[in-house]
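Q: predicted model and sequence below, questions to follow.
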Amino acid sequence: MTRDDVLAATGEAVVAAQQLADHVERLRGSMDRALPTTGDAIVRWRDEERERPHALLRMFDRLYDLTSRKLFRGLLFLSGKTIAGLSAQNQFRRVEALGGIASAERWIELAATRNVLAHDDPTRPVEQAARANLAWREFIDLIAGTRQTISLLRTEGLIS
């Protein structure tokens with residue numbers, strides 16, 4: 001990819017990530033009566049209420065991917081850092097060193113959370129509640145890291 005290609009892709013990812021983070025924050029405001037939850041409460045939810053945590057999990061996955069795969073890589077490339085052959089963890093450490101996230105270790109934890117949320121599909125209400133509560137809790141740091149990376153891209157003049 002050329003620098004112009006990376007600029008365009010990173011710019012699009014910034015817009016998508018910003019819109020998604022804003023949407024999740026609005027959703028969090030409307031869902032604070034339902035989450036965190038318990039297995040007993042989930043059993044009593046109507047279909048509409050049951051769909052919200054599923055949507056929240058999909059949004060967590062999408063925002064994590066936008067940030068770690070597009071924004072982080074764009075930041076590293078546009079900052080002149082080599083990313084070829086780097087593990088995700090080493091990319092996180094470089095993004096932290098640039099000031100894009102507060103903690104690479106925390107981002108590694110968010111990666112583990114994303115994997116649990118993306119690949120586990122519990123059927124028992126207690127496990128469903130734990131999964132929804134995990135996403136609910138972890139979204140705060142995910143959004144903060146996304147916003148910090150976007151801010152750095154802008155303040156460094158890497159995107160407009």
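A: Right, received. Where do you want to start?

Q: for the residue most central in space within the chain, give me its contacts.
A: Central residue of the chain (C-alpha atoms, centre = their mean): residue 64, 2.7 Å from the mean position. Counting by C-beta atoms under 8 Å, 6 or more residues apart in numbering, residue 64 touches 110-111, 114, 142. C-beta: built from backbone N, CA, C; applies to glycine.

Q: with respect to residue 71, which of those residues is nearest?
A: Nearest to residue 71, judged by C-beta to C-beta, of the contacts of residue 64 is residue 142 at 11.8 Å.

Q: give me the neighbour count for the closest one.
A: A count of nearby residues for residue 142, using other C-beta atoms under 10 Å, gives 23.

Q: does it really touch residue 106, like I thought?
A: No - assessed by C-beta atoms under 8 Å, residue 142 is found out of contact with residue 106, at 9.8 Å.

Q: so the residue of the chain most remote from its centre versus residue 122, what's the distance?
A: In the chain, residue 44 marks the outermost C-alpha relative to the chain mean, sitting 29.1 Å out by C-alpha atoms, centre = their mean. Remark: distance between residue 44 and residue 122 (C-beta to C-beta, to the nearest Å) = 18 Å.

Q: just residue 105 next, same as before
A: From residue 105 to residue 122 the distance is 27 Å (C-beta to C-beta).

Q: just give the closest residue to residue 106, not the sequence neighbours.
A: When the adjacent residues along the chain are set aside, residue 106 lies closest to residue 141, with 6.1 Å between them (C-beta to C-beta, 6 or more residues apart in numbering).

Q: for the helix or strand where the residue nearest to the centre of the chain lies, C-alpha coordinates in PDB please.
A: Element membership for residue 64 (DSSP states H and E) is helix 47-65. Taking C-alpha atoms only, helix 47-65 is exported to PDB below (Å, rounded to 0.1, in the frame of the first residue of the first chain):
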ATOM      1  CA  ASP A  47     -37.100 -10.300  22.700                       C
ATOM      2  CA  GLU A  48     -36.200  -6.600  22.200                       C
ATOM      3  CA  GLU A  49     -34.300  -6.500  25.400                       C
ATOM      4  CA  ARG A  50     -32.400  -9.800  24.500                       C
ATOM      5  CA  GLU A  51     -31.300  -8.300  21.200                       C
ATOM      6  CA  ARG A  52     -29.500  -5.300  22.800                       C
ATOM      7  CA  PRO A  53     -26.700  -7.200  24.400                       C
ATOM      8  CA  HIS A  54     -26.100  -9.100  21.200                       C
ATOM      9  CA  ALA A  55     -25.800  -5.900  19.300                       C
ATOM     10  CA  LEU A  56     -23.500  -4.500  22.000                       C
ATOM     11  CA  LEU A  57     -21.200  -7.600  21.600                       C
ATOM     12  CA  ARG A  58     -21.100  -7.100  17.800                       C
ATOM     13  CA  MET A  59     -20.200  -3.400  18.300                       C
ATOM     14  CA  PHE A  60     -17.400  -4.300  20.800                       C
ATOM     15  CA  ASP A  61     -16.000  -6.700  18.200                       C
ATOM     16  CA  ARG A  62     -16.300  -4.100  15.400                       C
ATOM     17  CA  LEU A  63     -14.800  -1.200  17.400                       C
ATOM     18  CA  TYR A  64     -11.900  -3.400  18.700                       C
ATOM     19  CA  ASP A  65     -11.100  -4.400  15.100                       C
END
